[in-house]
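# pasting the structure only:
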């Protein structure tokens, strides 16, 4: 039986398949933590060389935890008012122009006699005047959920054709709502709502929808309370007998930020002996500094720049079980994120679970046995979890055990100009920034089939596709031919003569393949240090700035 969490991974591609950047074929020794069989590591650990940059004090995070038990239903059980569990969320304090409300729901204590895992779905969020997330007629006879929310076969699951979102909804489409509710690696849902409480004359609220228009911002003040309704669905059971209950743990995170928020922090985990050993070499340290440099360059574009304020380094050693995670199967990434994100924050009463940095795991390989391929990088969700200790608490990036082998033409000391970077390293750098973008809430501007789009007004839309290996997909060529225009020009008009080898137009914002969140690999010429652009639009950066990890 197909499970929702498995199917969703393939609906929303969170990583890139490696093309021309193969695995070393040498997997790490998998075993239980302990010193037996562990190899020694010499040399000094990597200390990141970054220039911390913060033009404003960090924003304030306020966290409340609510918990309740509720009935579990199967994916074909009718959705009734009695199956909802309700939380009251007070909003008495103004969160400021750059603030946000984040709701992270987890299902725990799932009944042992019910197949699958519990999926928490946010089906309604109302402030008493407006329903921000509303499945149409959810719980009403004859509407969405009357015959069950999903239809599942051994080949996958699809949401009922009767379901849709009401027009005034915080998500642009049902599929975008679904990706926030069904995580591929954890029984968790993650919803972020920006305040849109602007006083600076901004023309609208940059988010994954056109919902946030004048007058629709988050309400606050004495007596203002939001009502959130959740549904717990078993992703492996068609029907669940009455009386089976699970616990829903809801973490409510209010981000208060009146001043522009402009900094990001990273926890970088070097997973396994080989990555740790490579990071302790002179070349490895230089390459890791250069990798952080890619993040800084990509995220510091325009007046909405986000700068790196701190990088913590954690060596996940063999003795701690790191070698067992170094060659990571897609099916085990949830275990990697859950276990690794607790390493810097052990589960003690004095250590909060709310993260203050993006957890970035540098592993040797990310293997997908279903496609018999290797992934360059995978994010724990769109967005990933701000709560440590979940299967969505991080980003995994494959180094192919080459941290000390990239960029052989760079000088032995000092910074290395981009034109001396290997093409494979350039791809690694853009992958890190791309997957971090997913983790912080960004979709591809257009998905690979050309039918789903991010709804941001300043990213171009590509709908034209061409056949590749028997499948219709977006390609650079098809986007060049696309007739959608951005600011009055098509991509072809903005980028005439493009050949992807020597002639590029990396600053042409009309071409979707010039954007960092383009759905697949890009072209690059290492001799000229030119390639398809790495643009982040102003609206894309605004989406990132509402995330609670941008402080």
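Looks like it came in fine. Note that this is a predicted model, so its numbers are computed, not measured.
# Can you give me the domain boundaries for this protein?
Per the record, the chain has its domains at 14-55+261-439, 60-256, 466-546, by automatic domain parsing.
# Minimum distance to residue 453: which of these has it?
Nearest of the domains of the chain to residue 453, taken as CB to CB: domain 60-256 at 8.1 Å. In short, each C-beta sits where N, CA and C put it, glycine included.
# Could you list every helix and strand in contact with the longest strand seen in the chain?
Ranked by residue count and defined by DSSP state E, the top strand of the chain is strand 60-74. Contact partners of strand 60-74 among helices and strands, from 3 or more CB pairs under 8 Å, 6 or more residues apart in numbering; DSSP states H and E: strand 85-90, strand 225-234, strand 245-256.
# Give me whichever of these is most buried.
For the helices and strands packed on strand 60-74, the largest average neighbour count (mean count of other CB atoms under 10 Å) is found in strand 225-234, namely a mean of 22.
# count of residues packed around residue 282?
The number of residues packed near residue 282 is 11, by other CB atoms under 10 Å.
# List the residues that contact it.
By CB atoms under 8 Å, 6 or more residues apart in numbering, the residues touching residue 282 are 412, 413.
# Kindly recompute the last result at 10 Å.
Shown in contact with residue 282 (CB atoms under 10 Å, 6 or more residues apart in numbering): 43, 404, 412, 413.
# ditto for residue 335
185, 324, 325, 328, 329, 391.
# Reformat the contacts of residue 282 as a markdown table; add distance to residue 516 and pLDDT.
Shown next, in a markdown table, are these (distance: CB to CB, whole Å; pLDDT from 0 to 100):
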| residue | distance to residue 516 | pLDDT |
| --- | --- | --- |
| 43 | 33 | 94 |
| 404 | 27 | 96 |
| 412 | 30 | 80 |
| 413 | 30 | 78 |
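# So which of these belong to strands?
Among those, none falls in strands (DSSP E).
# got the buried residues for the host helix or strand of residue 336?
Using DSSP states H and E, the element containing residue 336 is helix 333-340. Buried residues in helix 333-340, counting neighbours by 16 or more other CB atoms under 10 Å, are found at 333, 334, 336, 337, 338, 339, 340.
# One more: stretch 473-483?
473, 474, 475, 476, 478, 479, 480, 482.
# right, and the pair among these with maximum separation?
Across the buried residues of stretch 473-483 (CB to CB), the longest gap, 14.3 Å, separates 473 and 480.
# Now do stretch 164-174, average pLDDT.
Average pLDDT, stretch 164-174: 75.
# same thing with stretch 423-437?
Stretch 423-437 comes out at a mean pLDDT of 95.
# likewise stretch 116-125?
Averaging pLDDT residue by residue across stretch 116-125 gives 91.
# Quick one: distance of that stretch to the chain centre.
Between the centre of stretch 116-125 and the centre of its chain there are 18 Å (CA atoms, centre = their mean, to the nearest Å).
# for the stretch 451-551 of the chain, which spans come out with low pLDDT?
By pLDDT under 70, the weakly predicted segments of the stretch 451-551 of the chain are 486.
# hmm, try it at 90
Scanning the stretch 451-551 of the chain for pLDDT under 90 picks out 452-458, 468-470, 483-488, 496, 521-522, 526-529, 533, 538-546, 551.
# Could I get the full set of strands for it?
466-468, 471-473, 485-486, 489-490, 524-525, 530-531 (DSSP state E, counting those that start in this stretch).
# looking at those, which is closest to residue 544?
strand 485-486 (20.4 Å).
# How far off centre is stretch 480-494?
Taking mean C-alpha positions (CA atoms, centre = their mean), stretch 480-494 and its chain are 28 Å apart.
# about what we covered before: who wins for neighbours among the contacts of residue 282?
Highest neighbour count within these, by other CB under 10 Å: residue 404, with 21 neighbours.
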